[in-house]
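Q: return atomic coordinates for the entry below.
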Amino acid sequence: MAEPIHGIDAARVGANLEEARAFAGEGVEILVATKYVPLEEMGKLAEAGVELVGENRQQDLAAKHERWGDAFTWDFIGNLQSRKVKQVLPLCRLIHSVATDSALAQLEKYATAETEVLVEVDVSGEEGKGGVEPEALGDFIARCPAAVAGLMTMPPFSPDPEHSRPYFARLAELAGEHDLRRLSMGTSQDWRVAVEEGATIVRLGRSLFV
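A: Residues are numbered from 1 along each chain as shown. The predicted structure follows:
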């Protein structure tokens, strides 16, 4: 398991962030994944000009939001446990990982008219990978009680960014078929390829801190 990131250099993060924004261009949001950023280091991200952050765990989201809530826009990007939907919803702009019927049942109970979510899609067919299968996507979107704003995917990990390209292209194709505008795809090792394939949100973590 990766270690927490201590001693964040705000100037370095700011420079890396500006470089990422320059490559991504207008219309692409740089989401900073803060899974390994300790609570006390979050202020360095605000100092660096970070605006959008994503958390993977409900309990970390709650703690960081309580301390730094007004400093950032918050998304939830981790595996969504249906029993945590009630706690996550009031703190986030978007949940990126809606993919189960149990999550839909909780959204039915707790979503508001303003709630927007992204549906996680398994475009690779990789065993053990979460997400809705592409052929089931239309039905899943139709049954979602919250507004579906877009799609998210996690391709199989590879050190070669080009390996992710067909999966990103497929997600963009699915978004077009279902008239969805947001595409959350691409992480530190392959986000540039994701931008080239139409990402509107890329999720960057450790690459911004080095």
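Q: quick one, strands of the chain?
A: Under the criterion DSSP state E, strands of the chain are mapped to 29-33, 52-55, 73-76, 94-98, 116-120, 147-152, 182-184, 201-204.
Q: could these go into JSON lines alongside mean neighbour count, distance to V193 and mean pLDDT?
A: All C-beta spots, glycine's among them, are computed from the backbone N, C-alpha and C. Below are the strands of the chain laid out as JSON lines (neighbours: other C-beta atoms under 10 Å; distance: least, C-beta to C-beta, whole Å; pLDDT from 0 to 100):
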{"stretch": "strand 29-33", "mean neighbour count": "21", "distance to V193": "15", "mean pLDDT": "98"}
{"stretch": "strand 52-55", "mean neighbour count": "22", "distance to V193": "19", "mean pLDDT": "98"}
{"stretch": "strand 73-76", "mean neighbour count": "22", "distance to V193": "21", "mean pLDDT": "98"}
{"stretch": "strand 94-98", "mean neighbour count": "25", "distance to V193": "18", "mean pLDDT": "98"}
{"stretch": "strand 116-120", "mean neighbour count": "24", "distance to V193": "19", "mean pLDDT": "98"}
{"stretch": "strand 147-152", "mean neighbour count": "20", "distance to V193": "16", "mean pLDDT": "98"}
{"stretch": "strand 182-184", "mean neighbour count": "24", "distance to V193": "13", "mean pLDDT": "98"}
{"stretch": "strand 201-204", "mean neighbour count": "24", "distance to V193": "10", "mean pLDDT": "98"}
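Q: check contacts around the spatially most central residue of the chain.
A: Residue closest to the mean C-alpha point of the chain, counted by C-alpha atoms, centre = their mean, is I77 at 4.1 Å. Counting by C-beta atoms under 8 Å, 6 or more residues apart in numbering, I77 touches 31, 33, 54-56, 96-97, 152, 184, 203.
Q: could I get the buried residue list for stretch 178-195?
A: Buried residues in stretch 178-195, counted by 16 or more other C-beta atoms under 10 Å: 180, 182-191, 193-195.
Q: pull the distance from it to the chain's centre.
A: Its chain's C-alpha centre and that of stretch 178-195 lie 9 Å apart, by C-alpha atoms, centre = their mean, to the nearest Å.
Q: about what we covered before: list just the nearest of the buried residues of stretch 178-195 to D122.
A: Of all the buried residues of stretch 178-195, M185 has the smallest distance to D122: 12.7 Å, by C-beta to C-beta.
Q: can you pull the phi/psi pair for that closest one?
A: Main-chain torsions, M185, degrees, to the nearest 10: phi -160, psi 150.
Q: so it makes contact with A169?
A: No - contact status for M185 versus A169: not in contact, 10.0 Å apart, counting by C-beta atoms under 8 Å.
Q: could you tell me which residues touch both of the two?
A: Joint contacts of M185 and A169 (C-beta under 8 Å, 6+ apart) are E197.
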